[in-house]
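S.K.: only geometry, no sequence info:
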């Protein structure tokens, strides 16, 4: 019986080294990584829901051919968010790492990497588990260094432990080549299939449209960026939509900020406002993308997924972005999820002012937890969000568009 790869939906960890964030270890097996030399360093892969029949964990270690890493695995089946303390001044999240196996977690066992490969190694459990998250607690490296550095992490599913080559109780290590891995993926929620490209005001839209559009968004600037709001949409108009913006930075790019799109119940005004907001965005500098949900403004948010990397932004170069929010409907007409996508026109805008329409999908996620679909009170509020510390003085918008998608 075959085993199945199950990628983590998000990740957390002890304080990282610079940009070597936990999420780097779950997007794809590549040169970027998670690294931390914090006291009692740890990495934790997180699923959006409890996943059953996990029989092993694949890990790829930085400098995996030069040293062996000794670590402890544990797991949690708690369905709520991972508890953390947020520093009110810096916004940094601090997770409990006082114990190798924190309260509320169950131990899986102690393991040691082989020291012979830079690829994935497979660590088999004594018995299958059902987990919301799996934690890797660092013990030591055989070269004496204090770094926990993970290049790749993914769970392995199967009906029985025998689905995977058996090994000793303390964990079997089976190197595999990430570039040639062919493990089948487990089923994922169905997503709408893109329709043939439909051009609206020169922009190719990947899903069927209704013909309704808006271009007269309300611009406002608060010295931390530019927002273009489409308010007062009469429900159910524009619940399914694509937002498009082309623009450029005329001065220095604020690399740590983001450009993206938001779909809300209400305007983000005042602390504690219930907004039920979906957001997709890409970093101005690195191009890394994420989707998140914000229940109340400005603190009640959670990351849904960090996935994909765009081109980023360069001074004077026109970029094009598209955000998709669309209900996922089954054959009986029941809404089963909310599709969130981020696309990038990697050709930008042509010399004649027309979009290049070289669209690449950077991020795609189906939300089945929050399922915000009822905007009947005030209609859906749609926002193009471009952050920069000099606001609209540094951002020039070339084209903006809101397109209603067919249900």
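M.R.: Yep, that arrived. Given the structure is predicted, the values throughout are model-derived calculations rather than measurements.

S.K.: So which helix or strand of the protein has the lowest pLDDT on average?
M.R.: strand 84-86 (a mean of 53; mean pLDDT, DSSP states H and E).

S.K.: Let's test this: mean pLDDT of the one helix or strand residue 280 maps to, rounded?
M.R.: Following DSSP states H and E, one finds residue 280 within strand 273-283. For strand 273-283, the mean pLDDT works out to 87.

S.K.: repeat for stretch 331-346
M.R.: 92.

S.K.: picking up where we left off before, check which residues of the strand holding residue 280 are buried.
M.R.: Residues of strand 273-283 classed as buried: 273, 275-283 (neighbour count, 16 or more other CB atoms under 10 Å). Using the backbone N, CA and C atoms, a C-beta is placed for each residue, glycine as well.

S.K.: Between those residues, which sits nearest residue 20?
M.R.: Ranking the buried residues of strand 273-283 by separation from residue 20, with CB to CB as the measure, puts residue 283 on top at 15.0 Å.

S.K.: okay but the closest one is in contact with residue 258, surely?
M.R.: Yes. If you go by CB atoms under 8 Å, residue 283 and residue 258 touch, sitting 5.7 Å apart.

S.K.: Would you mind giving the secondary structure of residue 340?
M.R.: Here residue 340 takes the strand state, with states given by DSSP: H, G, I helix; E, B strand; the rest coil.

S.K.: residues touching residue 234, list them.
M.R.: residue 379 (CB atoms under 8 Å, 6 or more residues apart in numbering).

S.K.: Read off the pLDDT value for it.
M.R.: 89.

S.K.: Contacts only, for the residue nearest the centre of the chain.
M.R.: Nearest residue to the geometric centre of the chain (CA atoms, centre = their mean): residue 306, 1.6 Å. Contacts of residue 306 were listed using CB under 8 Å, 6+ apart, and they are 10-11, 23, 27, 288-290.

S.K.: Report the beta-bridge partners for residue 69.
M.R.: Note on residue 69: beta-bridge partners by DSSP bridges are residue 141.

S.K.: If you could redo that for residue 264, that was the one I meant.
M.R.: Beta-bridge partners, per DSSP bridges, of residue 264: residue 381.

S.K.: same check, this time on residue 325
M.R.: The partner residues for residue 325, given DSSP bridges, come to residue 241, residue 340.

S.K.: Tell me who's in contact with it.
M.R.: Per CB under 8 Å, 6+ apart, neighbours of residue 325: 239-241, 261, 263, 278, 338-340, 382.

S.K.: Which residue ranges of the stretch 51-200 of the chain form strands?
M.R.: 69-76, 84-86, 93-95, 106-112, 121-141, 148-157, 198-200 (DSSP state E, counting those that start in this stretch).

S.K.: who are the neighbours in contact with the nearest residue to residue 75 once chain neighbours are set aside?
M.R.: Leaving aside its sequence neighbours, residue 75 sits nearest to residue 131 (CB to CB, 6 or more residues apart in numbering; 4.0 Å). By CB under 8 Å, 6+ apart, the residues touching residue 131 are 47, 50-51, 54, 75-77, 155.

S.K.: Now that we have those residues, which of them are buried?
M.R.: Buried among the contacts of residue 131 by 16+ other CB under 10 Å: 47, 51, 54, 75-76, 155.

S.K.: Residue 142: which of the contacts of residue 325 is nearest?
M.R.: Distances from residue 142 to the contacts of residue 325, taken by CB to CB, are shortest for residue 340, at 43.1 Å.

S.K.: contacting residues for the nearest residue to residue 149 once chain neighbours are set aside?
M.R.: Spatially, and ignoring its direct neighbours in sequence, residue 149 is nearest to residue 62 (3.5 Å; CB to CB, 6+ apart). By CB under 8 Å, 6+ apart, the contact set of residue 62 is 33, 35, 147, 149-151.

S.K.: What score does residue 62 have for pLDDT?
M.R.: 87.

S.K.: Kindly report the same for residue 375.
M.R.: Residue 375 is given a pLDDT of 91.

S.K.: Surely it and residue 239 touch.
M.R.: Yes. Counting by CB under 8 Å, residue 239 is a contact partner of residue 375 at 5.9 Å.

S.K.: low pLDDT regions in the stretch 151-300 of the chain?
M.R.: 159-197, 217-224, 266-273, 296-300 (pLDDT under 70).

S.K.: how does it look with 90?
M.R.: For the stretch 151-300 of the chain, applying pLDDT under 90 flags the ranges 152, 156-199, 215-234, 249-257, 265-276, 293-300.

S.K.: what sits against residue 150?
M.R.: 25, 33-35, 43, 59-62, 136.

S.K.: Can you report how many residues neighbour the residue nearest to it when sequence neighbours are not counted?
M.R.: Spatially, and ignoring its direct neighbours in sequence, residue 150 is nearest to residue 25 (4.5 Å; CB to CB, 6+ apart). For residue 25, the neighbour count with other CB atoms under 10 Å is 29.

S.K.: Same question for residue 250.
M.R.: Neighbours around residue 250, by other CB under 10 Å: 12.

S.K.: and the nearest residue to it once chain neighbours are set aside, bridged to which residues?
M.R.: Leaving aside its chain neighbours, residue 250 sits nearest to residue 396 (5.4 Å; criterion: CB to CB, 6+ apart). With DSSP bridges applied, the residues forming beta bridges to residue 396 are residue 248.

S.K.: which phi and psi does the residue nearest to residue 149 have?
M.R.: phi -60, psi 140 (degrees, to the nearest 10).

S.K.: any idea how far it is from residue 25?
M.R.: Counting by CB to CB, to the nearest Å, the gap from residue 62 to residue 25 is 10 Å.

S.K.: how about the strands in the stretch 201-350 of the chain?
M.R.: Going by DSSP E, counting those that start in this stretch, the stretch 201-350 of the chain shows strands at 203-205, 209-214, 218-221, 225-230, 241-249, 258-264, 273-283, 288-297, 301-309, 319-329, 335-345.

S.K.: The second one pairs with which strands, and in what direction?
M.R.: The one in question is strand 209-214. strand 395-405 (antiparallel).
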